[in-house]
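# Sequence plus the predicted model coming up.
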Amino acid sequence: MRARPLGRTSIQVGTVGFGAAPIGNLHGPVDDDQARATLDAAWDVGVRYYDTAPHYGLGLSERRLGAALAHRPRGEFTVSTKVGRLLEPHPAPTGSDLTAGGFAVPDTLVRRPDYSRDGVLRSLEDSLNRLRLDHVDIVYVHDPDDHLDAALGQALPALTALRDQGVIGAVGIGMNTVAPLLRVVAEADVDAVMVAGRWTLLDRTARPLLDACAERGVAVVAAAPFNSGLLSRTYPASDATFDYGPASESALRRARLLAEVSARHGTALPHAALRFPLRDPGVACVVAGFRTPEEVVSAARWAAAELTEDAWLDLDAAAARETQVPPV
């Protein structure tokens with residue numbers, strides 16, 4: 001999988017990055033053997049960029065990723081993690097984090113939002129221990145929707161200082177809402193933004209963000225290209241999810257139309273969904289979550305095969321037919 005630069009930095013990412021939320025037991029359990037097999041399959045097909053966070057499985061994702069990469073040459077892969085949520089002992093555990101946090105793990109820990117300088121340093125130190133690494137390449141401020149002033153005033157300057165000292169390679173922010181990201185790009189010194197679910201075949205509302213990043217030389221990492229499941233099947237079923245909830249009838253209808261157009265052009269909906277973000281030159285990488293080796297192998301195959309221009313014209317027309325989407 002071809003290496004690509006992360007914007008103006010010296011950091012390399014691939015066409016497809018490994019989103020490690022599923023191996024943190026997102027929405028359901030994944031055992032250690034399956035998680036390891038999925039990570040090994042990713043390495044075998046050429047994936048070299050791995051994204052995780054303390055939030056994912058209350059540290060389980062970081063621990064599993066660290067164990068899988070421990071025997072790999074450190075100079076051959078890129079890792080990103082996130083700050084903004086400290087993991088602390090749960091004062092009153094209920095048994096599972098599934099309802100409160102969305103991960104099928106024991107809730108012996110609890111997430112506490114902390115976007116202060118000290119919180120950033122503590123979070124990063126804890127992540128390095130779980131990852132078994134002496135440094136990470138990219139650190140994103142994680143979903144500061146209700147803490148944007150603190151992120152701008154404390155977390156991002158703390159990360160910028162670490163970058164300038166050579167402790168980390170790049171500073172970023174990751175969210176699934178466009179307006180706060182636009183503010184960060186305008187006001188902060190960031191190298192990359194990770195936008196989840198807003199620059200996809202179905203949802204193109206991040207167009208203004210991509211334009212702003214291009215103007216300022218900020219790299220874009222497009223996460224959740226399948227919109228949390230809706231675009232991951234050849235033909236979306238009625239129980240499909242969209243943005244981590246049940247897909248609406250409108251979203252389901254639009255996704256099925258895109259699936260039909262994909263089939264007419266001899267390909268599958270998830271292939272088009274994975275390739276779509278990469279059409280914009282400002283997108284450095286697509287990060288998708290993987291739960292099984294088969295999912296990784298399929299993604300690698302799709303990443304290597306471009307769609308025809310006629311296919312894109314018809315897909316764009318189909319997307320615009322149901323809703324107003326910005327042109328690509």
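Looks like it came in fine. Just so you know, these numbers come straight off a predicted model, no measurement behind them.

# for residue 102, what are its contacts?
Listed by CB atoms under 8 Å, 6 or more residues apart in numbering, the contact set of residue 102 reads 26, 27, 244. Bear in mind the C-beta positions are built from the backbone N, C-alpha and C, glycine included.

# how about a cut-off of 7 Å?
26, 27 (CB atoms under 7 Å, 6 or more residues apart in numbering).

# Can you report phi and psi for it?
When read as degrees, to the nearest 10, the backbone of residue 102 gives phi 90, psi 10.

# I'd like the distance between it and residue 131.
Look at residue 102 and residue 131: by CB to CB, to the nearest Å, they are 21 Å apart.

# so how many other residues sit close to residue 284?
25 (other CB atoms under 10 Å).

# Now the residue nearest to residue 212 when sequence neighbours are not counted: which helix or strand?
With CB to CB, 6 or more residues apart in numbering as the criterion, residue 212 has its nearest non-adjacent residue at 5.0 Å, and that residue is residue 185. Using DSSP states H and E, residue 185 sits in helix 178-187.

# same thing with residue 86?
strand 85-89.

# can you check residue 121 too?
Residue 121 belongs to helix 117-131 when assigned by DSSP H and E.

# in that helix, what counts as buried?
Within helix 117-131, the residues scored as buried using 16 or more other CB atoms under 10 Å are 117, 119, 120, 121, 123, 124, 126, 127, 128, 130, 131.

# angle of it against strand 85-89?
If you take axes from the mean of the first three to the mean of the last three CA atoms, to 10 degrees, helix 117-131 sits at 70 degrees to strand 85-89.

# what helices or strands is helix 117-131 leaning on?
Here helix 117-131 touches helix 60-69, strand 78-83, strand 85-89, helix 156-164, going by 3 or more CB pairs under 7 Å, 6 or more residues apart in numbering; DSSP states H and E.

# Switch the ones you listed over to TSV; also include mean pLDDT, distance to residue 294 and mean neighbour count.
Formatted as TSV, the helices and strands packed on helix 117-131 follow (pLDDT from 0 to 100; distance: least, CB to CB, whole Å; neighbours: other CB atoms under 10 Å):
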stretch	mean pLDDT	distance to residue 294	mean neighbour count
helix 60-69	98	17	23
strand 78-83	98	24	26
strand 85-89	98	31	16
helix 156-164	98	36	19
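
# Point me to the residue sitting closest to the centre of this protein.
residue 223 (3.6 Å; CA atoms, centre = their mean).

# re earlier: the helix or strand that the helix holding residue 121 is followed by pairs with which strands?
Next along the chain after helix 117-131, taking DSSP H and E as the criterion, comes strand 138-142. Applying DSSP bridges, strand 138-142 is found paired with strand 78-83 (parallel), strand 170-175 (parallel).

# Any idea which of those strands gets closest to residue 9?
strand 170-175 (4.8 Å; CB to CB).

# when you compare where the closest one runs with where helix 156-164 runs, what's the angle?
Using the same axes, to 10 degrees: strand 170-175 against helix 156-164 is 150 degrees.

# mind listing the strands for the chain?
Residue ranges of the strands in the chain, as given by DSSP state E, are 3-5, 12-14, 16-19, 49-51, 78-83, 85-89, 109-113, 138-142, 170-175, 192-196, 219-223, 241-242, 245-246, 283-289.

# Distance to residue 231 for the ones you listed - can I get that in TSV?
Shown next, in TSV, are the strands of the chain (distance: least, CB to CB, whole Å):
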stretch	distance to residue 231
strand 3-5	22
strand 12-14	20
strand 16-19	14
strand 49-51	19
strand 78-83	23
strand 85-89	27
strand 109-113	28
strand 138-142	23
strand 170-175	20
strand 192-196	13
strand 219-223	13
strand 241-242	9
strand 245-246	15
strand 283-289	10
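
# who wins for proximity to residue 253 among those strands?
Comparing the strands of the chain by CB to CB, strand 241-242 comes nearest, at 11.6 Å.

# Excluding chain neighbours, what is closest to residue 306?
Of all residues not flanking residue 306 in the chain, residue 275 sits nearest, at 6.5 Å (CB to CB, 6+ apart).

# Hmm, residue 304 and the one you found touching each other?
No - counting by CB atoms under 7 Å, residue 304 is not a contact partner of residue 275; they are 9.9 Å apart.

# So for those two, which sits in the more crowded spot?
Neighbour tally, residue 275 and residue 304, criterion other CB under 10 Å: the higher count belongs to residue 275, 22 against 14.

# Give me the distance between residue 270 and residue 76.
Distance, residue 270 to residue 76, using CB to CB: 28 Å.

# Which residues are in contact with residue 230?
Neighbouring residues of residue 230 by CB under 7 Å, 6+ apart: 202, 236, 240, 241, 242, 247, 251, 255.

# With neighbour count as extra columns, can I get those residues in JSON lines?
Shown next, in JSON lines, are those (neighbours: other CB atoms under 10 Å):
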{"residue": "202", "neighbour count": "23"}
{"residue": "236", "neighbour count": "23"}
{"residue": "240", "neighbour count": "21"}
{"residue": "241", "neighbour count": "17"}
{"residue": "242", "neighbour count": "23"}
{"residue": "247", "neighbour count": "23"}
{"residue": "251", "neighbour count": "22"}
{"residue": "255", "neighbour count": "26"}
